[in-house]
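>>> curious how this folds, go ahead:
(one chain, ligands or ions: 2)
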Amino acid sequence: MARGPTPWKSSCPDVPAGTMLGEYVVRRRIDAGGMGTVYAGVHPLIGKKVAIKLIHPHVAQNPENIHRFKQEAMVVNAIGDPGIVDIFGFGEYEDGRYYFVMEYLRGERLLEFLKRHGKLGAFAAGQLLRLLALSLAAAHAKGVIHRDLKAENIFLVPSNDGHWPPRTKLLDFGLAKLLEPFEGAEQPKTRQGITLGTPYYMSPEQCRGKPVDARSDIYALGVLGFEMLTGRLPFIHEDLTEVMHMHLREKVTLPPSPDRPPLLDELILGCLEKSPEDRPQDMHEVISALEMIFPPLAPMSMRNSASDTDAGGPQISTPDDDDSGPLQTPVAPPPESGPAPGTPGGADAAVVSPDAPSLPHVPSETLRVAPPPPPPGPVVEVEGAGRGLGLFLSGFFLGLLLGMGVLYLIMR
Ligand SMILES: Nc1ncnc2c1ncn2[C@@H]1O[C@H](COP(=O)(O)OP(=O)(O)O)[C@@H](O)[C@H]1O
Ligand SMILES: [Mg+2]
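Ligands and ions are numbered 1, 2, ... in the order given. Modelled structure (predicted):
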């Protein structure tokens, strides 16, 4: 997948292994990205593995932005969505760089996954998009926008049983905010300037430097959907400014494929509309559309979602004093049935990649509640008839005795 160069790489000296960052010991450098350098660390006493991101100094140039980022990290943690990486530490390294401590993730980024697999089948893409949309909806409900949704910022963590679909984890929530220019700051002069970040997923309003809302994340989700279905980005150019011009002006078209439900194409292209007003207006609209296109994606009875909780559905109880945040190993979702033949996703079930097999179809019979045993009608009737006959006979003999007594008295 051709992409432009990473705009910026860290030139800061590495943090040596053995250094204490807060409560954690640095073990090794994992890699550097556009926003920071990530290290693997461990808690020396309890052995908990963590990932520590040291934010590049140019990213964290504005103290006000750092403050907002910390607040967003707090809000996102308060949501406790299992699809958003858990952040549980924040600090400043001796050289002045800020860092945050997050859960260590096994698995690989969607970027690497797509590089290996090319593209995904429509149903597998629908599964991932829905998981991402659910986590984004939870964040949007708290007023937090991701702003930098891209394949590099999505981790695929193997499910507990190792079967498809994996769990999705969103990284770098609100981090893009740190790149926003602030008053009095010198504006970047280069075309790959620091405020640009990665423009491949940028919404037109972001490209214009306008304020963004949840619909900007919907645009980026559309880019991700396009990428999953085709194995490439909608707009590619070596000149990153040109990529932004394309987002602003060029119409997106999906190469036709008989393996995709037309409604899925419509949804993805709808997310990629230039004007936010023409896109789905919130993530719940996207989720409903995906569940309508692929009925097996719709929750069957016990989805652990906010809407079910609101409706008084089943809930997992947590102790009152539990402030430990989201589970490190969230329970795998209940098995969903595979696309049933004849559903829009059914035709696609055969084209998902080998690593993305649809789950086995659960026959609907197994989901039905067994009917209660028939009421023991005849037995009750026989019993009733027996009791009635007994009453009748005792009445008859009582009457007979009384009659005989009266007759005896008269005759006397
Ligand atoms: N929580 C994490 N657990 C494990 N590895 C991580 C975690 N976060 C990031 N990484 C790895 O660290 C490297 C740099 O992260 P990246 O997201 O590219 O940085 P940036 O956001 O600064 O661009 C990548 O190889 C990524 O896979
Ligand atoms: Mg990142």
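>>> which of the helices and strands in this protein ranks last by mean pLDDT?
The helix or strand of the chain with the poorest confidence is helix 306-310; it has a mean of 37 (mean pLDDT, DSSP states H and E).
>>> so which residues on the stretch 51-200 of the chain come close to ligand 2?
Counting by CB under 5 Å from the ion, the residues of the stretch 51-200 of the chain close to ligand 2 are N153, D172. Yep, even glycine has a C-beta here, placed from its N, CA and C like the rest.
>>> now with 6 Å, please.
Residues of the stretch 51-200 of the chain lying near ligand 2 by CB under 6 Å from the ion: E152, N153, L171, D172.
>>> which ones, among those, also lie beside ligand 1?
With the criterion set as CB under 6 Å from any ligand atom, the members of those near ligand 1 are E152, L171, D172.
>>> so which of the residues you listed wins on neighbours?
Comparing those by number of neighbours (other CB atoms under 10 Å), L171 comes first, having 24 neighbours.
>>> residue contacts, that residue?
Counting by CB atoms under 8 Å, 6 or more residues apart in numbering, L171 makes contact with V85, M102, N153, I154, F155.
>>> please report how far the first one lies from S216.
Distance, V85 to S216, using CB to CB, to the nearest Å: 20 Å.
>>> one more: the fourth one?
Distance of I154 to S216, computed by CB to CB: 16 Å.
>>> for the last one, same thing?
Counting by CB to CB, the gap between F155 and S216 amounts to 21 Å.
>>> one more: the second one?
Taking CB to CB as the measure, M102 and S216 are separated by 24 Å.
>>> just M74 next, same as before
Using CB to CB, one obtains 22 Å as the distance from M74 to S216.
>>> who's more crowded, these two?
Each of M74 and S216 had its neighbours counted (other CB under 10 Å), and the higher figure belongs to S216 (23 against 11).
>>> returning to what we had before: and which of the ones next to ligand 1 among the residues of the stretch 51-200 of the chain next to ligand 2 is nearest ligand 2?
Distances from these to ligand 2 were compared by CB to the ion; the smallest belongs to D172, at 4.2 Å.
>>> so the closest one touches M35, yeah?
Yes - counting by CB atoms under 8 Å, D172 sits close enough to M35 to count as a contact (6.2 Å).
>>> around ligand 1, pick out the residues from this protein.
By CB under 6 Å from any ligand atom, the part of the chain that sits against ligand 1 consists of 30-31, 33-36, 38, 51, 85, 102, 104-105, 109, 152, 171-172.
>>> among those residues, which ones are buried?
Among these, those scoring as buried are 33-36, 38, 51, 85, 102, 104-105, 109, 152, 171-172 (criterion: 16 or more other CB atoms under 10 Å).
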